[in-house]
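*Asks:* Model the following, please.
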Amino acid sequence: MAKRVGIVAVSAEGAALCYRTICAEGAALFGRHGHPELMTHTYPLAEWMIPIEAGRWDEVGAMLLASAEKLARVGADFLICPDNTAHEGLDLVRDRSPLPWLHIAEEVAAEARRAHYRKLLVLGTRYLMEGPVYPKKLGAAGLGHEIPDAATRARINQHTFDELVYGRFEDATRAYFVGVIRDGKSRGCDAVALSCTEFPMLVSPDDSPLPTLDSTRLLARAALREAAGASL
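*Replies:* From the prediction side, this is the model:
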């Protein structure tokens with residue numbers, strides 16, 4: 001039997017893309033129409049944002065653990081969280097979880113090493129870009145990185161929470177992101193980590209001046225490999 005995947009969702013759009021990717025790409029490992037059994041839990045995004053905006057990452061971690069316990073009770077074998085920002089809380093509680101987790105930044109770092117990238121432009125929410133999640137994981141993998149300046153980080157954050165989490169993907173916003181990526185390329189970045197799970201729906205590989213590391217789909221594909229490992 002394949003392992004059952006527990007999805008701890010935060011924002012709807014990113015979680016939905018991760019879910020759809022697992023279902024759509026599962027056939028390559030599980031046969032026609034096949035994919036592992038999936039179960040999902042989330043609190044409303046409004047409840048997540050209270051501790052995130054206050055920088056109370058221990059509370060974010062507690063919410064992740066509460067979701068983990070619910071998913072463990074309904075039969076999940078391992079967990080993923082298709083939300084980069086929440087991983088700052090996950091890093092505080094991962095060793096206390098009732099189930100093992102795949103880590104989104106670890107998957108991005110592994111893919112960057114596989115593709116022989118050296119310096120990533122990391123784009124995400126303001127909390128993610130200014131936080132420790134990617135510096136730790138990329139540094140451990142021997143990878144360099146940079147983030148945009150403060151004004152750009154603030155504008156990216158505004159677009160994320162005013163548009164992208166609501167499923168609004170505007171041409172003007174896409175053009176702005178492409179400009180940010182082009183600037184990163186001019187400063188020596190050789191790939192861009194789309195480290196907010198909605199970003200791959202805004203900026204496609206064809207749009208981007210740099211090769212893209214799609215954190216959402218990389219996590220989904222890692223979950224498929226983990227699930228299939230029990231049956232192959």
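
*Asks:* after the helix or strand of the chain with the lowest mean pLDDT comes which helix or strand?
*Replies:* Across the helices and strands of the chain, mean confidence by mean pLDDT, DSSP states H and E is lowest for helix 27-30: a mean of 93. Once the chain leaves helix 27-30, the next helix or strand it forms, by DSSP states H and E, is strand 38-41.

*Asks:* Each with direction, which strands does that following strand pair with?
*Replies:* Here strand 38-41 is paired, per DSSP bridges, with strand 5-8 (parallel).

*Asks:* Which neighbouring elements make contact with the least confident helix or strand of the chain?
*Replies:* When contacts are defined as 3 or more Cβ pairs under 8 Å, 6 or more residues apart in numbering; DSSP states H and E, helix 27-30 sits against helix 215-228. Every C-beta, even on glycine, is put in place using the N, C-alpha and C of the backbone.

*Asks:* Check the offset of the helix it packs on from the chain's centre.
*Replies:* On the basis of Cα atoms, centre = their mean, to the nearest Å, helix 215-228 is displaced by 11 Å from the centre of the chain it belongs to.

*Asks:* how about that helix as CSV, C-alpha atoms only?
*Replies:* Listed next in CSV are the C-alpha coordinates belonging to helix 215-228 (Å, rounded to 0.1, in the frame of the first residue of the first chain):
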residue,chain,number,x,y,z
SER,A,215,8.4,25.2,-4.5
THR,A,216,4.8,24.1,-4.7
ARG,A,217,5.3,21.4,-7.3
LEU,A,218,8.6,20.3,-6.0
LEU,A,219,7.0,19.6,-2.6
ALA,A,220,4.1,17.8,-4.4
ARG,A,221,6.5,15.6,-6.4
ALA,A,222,8.5,14.8,-3.3
ALA,A,223,5.3,13.7,-1.6
LEU,A,224,4.6,11.4,-4.5
ARG,A,225,8.0,9.8,-4.3
GLU,A,226,7.6,9.4,-0.6
ALA,A,227,4.2,7.8,-1.0
ALA,A,228,5.3,5.5,-3.7
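
*Asks:* In terms of secondary structure, what does that helix contact?
*Replies:* Packing partners of helix 215-228 (3+ Cβ pairs under 8 Å, 6+ apart): strand 5-8, helix 12-25, helix 27-30, strand 78-80, helix 104-114, strand 191-194, helix 199-202.

*Asks:* how about a cut-off of 6 Å?
*Replies:* Secondary-structure packing of helix 215-228 (3 or more Cβ pairs under 6 Å, 6 or more residues apart in numbering; DSSP states H and E): helix 12-25, strand 78-80, helix 104-114.
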